[in-house]
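Colleague: got a sequence here, can you build the structure:
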Amino acid sequence: MEGKFQIFLILLAVLAGAALLARRINVAPAILLLLSGIALAFVPGMPSLELPPELVLLLVLPPLIYSASVAMSWREFKHNLRLITLLSVGCVIFTACAVAAATHYLIGLPWSVGFLLGAIVAPPDVVAPLAIARKLGIPRRVLVVLEGEGLANDATALILYRFAVVAITTGAFSLPKATGIFVVVVVGEILFGAAVGWLSLRARHYARDPQVEITLSLLTPYIAYWIPEHFGGSGVIATVACGLYISWNGPLLISSATRLQGIFFWDLVIYLIEGLLFLLTGFQMRLLYEKSKAFPLDEILSATVLVAVIIIVARFAWVYPATYLPRFFNKRLRARDPYPPWQNPFVIAFTGVRGAVSLAAALALPFALPGGEGFPYRDLILFVSFGVIFITLVGLGSSLPLVVKWLGVANTGRDEHIAEHEQEISARREALAAALASLDAMTDDRELSDEVVKLLRARHETRANQLPDSLDPDHHDVSATGTALTRELIGAERKFIHALLRDGKITDETRRRIERDLDLEEASLANREYRKIPL
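Modeller: I've put the predicted structure just below:
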């Protein structure tokens, strides 16, 4: 037990160190963590760490999907639902079929095994590509499509995966039956996920205790995921539906104290889960290396390169028609949503990074068939799955910044960023104006003393003065200077309060209350800080 805890501490240290190094050398943390995991796996004396598939599929995947769904805008998700569906359902099925055909005709795999391998490697990861793409100034709509696809495509892939496993183990497959089951799963999980979201919000609103509410929020994705998964569904669609429901309906039902504490809690949980997941994925290289000694190296490499090329080409072959053909055939759609520039679908197609879910699905394959014979090509599927993850994450992930720069899409993202911040400033001013109108109504309806009204108006004026007039460089410099000086003043208050505590003039409890106010003010500064945008 002590040894396992020491390994856990080593992983945490590597996680923190890799994150700091990734920031310094401007590389995506997921790439560096995967490489770090591979390097650690071969350190002399380091025990072999296997990635239990149930850990990913039952324990890790629900909170990752739920957190991303809650952070997702339901309005933007709905607006891009057509393309998200075409990618998360159509592209996954198309890719799985392409892999099945290529591996059958070129390397002789049975159709069922090729389709199973295709289902495993078809869905892009929800974590790694977005972590890379968000830092590159990619247009907002491209990010929304990538995020929406990443949320839903695992459901399609896992359902196909189970159909393929059943077909291999039983030797029977019915397309009409499979299609009917797929439709029932999708509709049923959407309704179930929305119901879980409704119950979760009501329970949390009734609790009115941040610790209880955050505990309920942690239970929510597992309830949404585990129950459908237990009855033969994927669980992913229900978790996505639950998260989107809470994202849209939660703001007015969740208290400010819960929201503040919950943000910090979930940020830390997701950070640790994502980092450890990529580290453990890298660790599997040692297990695969030991297994590979029984296989010809050229067979492994040729199969891996073939599948990697097929999934990349298939994604491009699907994304462009899915983007342009509906507009070509539908005049109303074309008028409402014109043709996007060719660079946008190129970025979507290029950002097809595979992740740990693919490896977990491969690891979860049974070792033997019901008759006792070994599961066909199980080890080869494992090798290819890990190889595809490595090629896409390291290859596509590391070259994505160069591709974005070459395409020039960051210019559009920069313009959107400026417009979004201008809208934010305008919304803040309008909200303050609405609050001032409410104050005037309160003054007329209630007998408020002049001191109270003066205090409330001073608060309003202070908040209004903190907003920049615009985002041009001159106004930005004034705002940045004011923010920096405010931080210095907060620091001076901290030092003085600490001196009072040291001299015994206040208690620790008093110091904590004052310090909390200073912390909230400093966090508010960071939240309202408008970084300078190159024009």
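
Colleague: so who does the residue lying closest to A410 once chain neighbours are set aside touch?
Modeller: Of all residues not flanking A410 in the chain, G137 sits nearest, at 3.8 Å (Cβ to Cβ, 6 or more residues apart in numbering). C-beta here means a position set from N, CA and C on the backbone, and glycine is covered the same way. By Cβ atoms under 8 Å, 6 or more residues apart in numbering, the contact set of G137 is 404, 409-410, 413-414, 417.

Colleague: and the residues you listed, which are buried?
Modeller: The neighbour-count criterion (16 or more other Cβ atoms under 10 Å) marks 404, 409-410, 413, 417 among these as buried.

Colleague: restricted to helices, list these.
Modeller: Per DSSP state H, helices hold the following members of those: 404, 409-410, 413, 417.

Colleague: give me the lowest-pLDDT entry from those.
Modeller: Minimum pLDDT for those is recorded at G413 (68).

Colleague: coming back round to it: between the contacts of G137, which is nearest D519?
Modeller: H417 (27.8 Å; Cβ to Cβ).

Colleague: what about the stretch 51-200 of the chain, any weak spots by pLDDT?
Modeller: By pLDDT under 70, the low-scoring segments of the stretch 51-200 of the chain are 173.

Colleague: show me where it has helices.
Modeller: 53-54, 61-71, 74-79, 81-85, 92-107, 111-121, 128-133, 140-170, 175-207 (DSSP state H, counting those that start in this stretch).

Colleague: make CSV out of those and add mean neighbour count and distance to S358.
Modeller: Conversion of the helices of the stretch 51-200 of the chain to CSV gives the following (neighbours: other Cβ atoms under 10 Å; distance: least, Cβ to Cβ, whole Å):
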stretch, mean neighbour count, distance to S358
helix 53-54, 14, 11
helix 61-71, 23, 12
helix 74-79, 15, 24
helix 81-85, 18, 20
helix 92-107, 20, 12
helix 111-121, 25, 5
helix 128-133, 24, 12
helix 140-170, 23, 8
helix 175-207, 17, 20
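
Colleague: ok, which of those comes nearest V357?
Modeller: Closest among the helices of the stretch 51-200 of the chain, using Cβ to Cβ: helix 140-170, at 5.6 Å.

Colleague: next, the angle helix 175-207 makes with the closest one.
Modeller: Counting by axes from the mean of the first three to the mean of the last three Cα atoms, to 10 degrees, helix 140-170 lies at 120 degrees to helix 175-207.

Colleague: just to revisit the earlier point, how about the helices of the stretch 51-200 of the chain in JSON lines, adding distance to F231?
Modeller: Shown next, in JSON lines, are those (distance: least, Cβ to Cβ, whole Å):
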{"stretch": "helix 53-54", "distance to F231": "17"}
{"stretch": "helix 61-71", "distance to F231": "16"}
{"stretch": "helix 74-79", "distance to F231": "26"}
{"stretch": "helix 81-85", "distance to F231": "24"}
{"stretch": "helix 92-107", "distance to F231": "22"}
{"stretch": "helix 111-121", "distance to F231": "20"}
{"stretch": "helix 128-133", "distance to F231": "30"}
{"stretch": "helix 140-170", "distance to F231": "12"}
{"stretch": "helix 175-207", "distance to F231": "9"}
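
Colleague: relative to R24, which of the ones you listed is closest?
Modeller: helix 128-133 (16.3 Å).

Colleague: quick one: average confidence on the one helix or strand N344 maps to?
Modeller: Here N344 sits within helix 343-350, counting by DSSP states H and E. Averaged across helix 343-350, the pLDDT comes to 92.

Colleague: next SSE downstream of it?
Modeller: Immediately after helix 343-350, counting by DSSP H and E, sits helix 356-363.

Colleague: next helix or strand past that following helix?
Modeller: Next element after helix 356-363 (DSSP H and E): helix 378-390.

Colleague: so what's the model's average confidence on that next one?
Modeller: In this model, helix 378-390 has an average pLDDT of 91.

Colleague: packing partners of it?
Modeller: helix 111-121, helix 256-292, helix 297-329, helix 356-363 (3 or more Cβ pairs under 8 Å, 6 or more residues apart in numbering; DSSP states H and E).

Colleague: out of the ones you listed, which comes closest to R459?
Modeller: That would be helix 256-292 among the helices and strands packed on helix 378-390, by Cβ to Cβ, at 16.4 Å.

Colleague: quick one, the closest one and helix 356-363 angle?
Modeller: 50 degrees.

Colleague: now for helix 256-292, which elements pack on it?
Modeller: helix 2-25, helix 29-41, helix 61-71, helix 210-230, helix 356-363, helix 378-390.

Colleague: now do the contacts for V121.
Modeller: Listed by Cβ under 8 Å, 6+ apart, the contact set of V121 reads 95, 99, 307, 311, 354, 358, 384-385, 388.

Colleague: which one of those is nearest to E461?
Modeller: R354 (53.4 Å).

Colleague: hang on, the closest one packs against T392?
Modeller: Yes: between R354 and T392 there is a contact under Cβ atoms under 8 Å: 4.8 Å.
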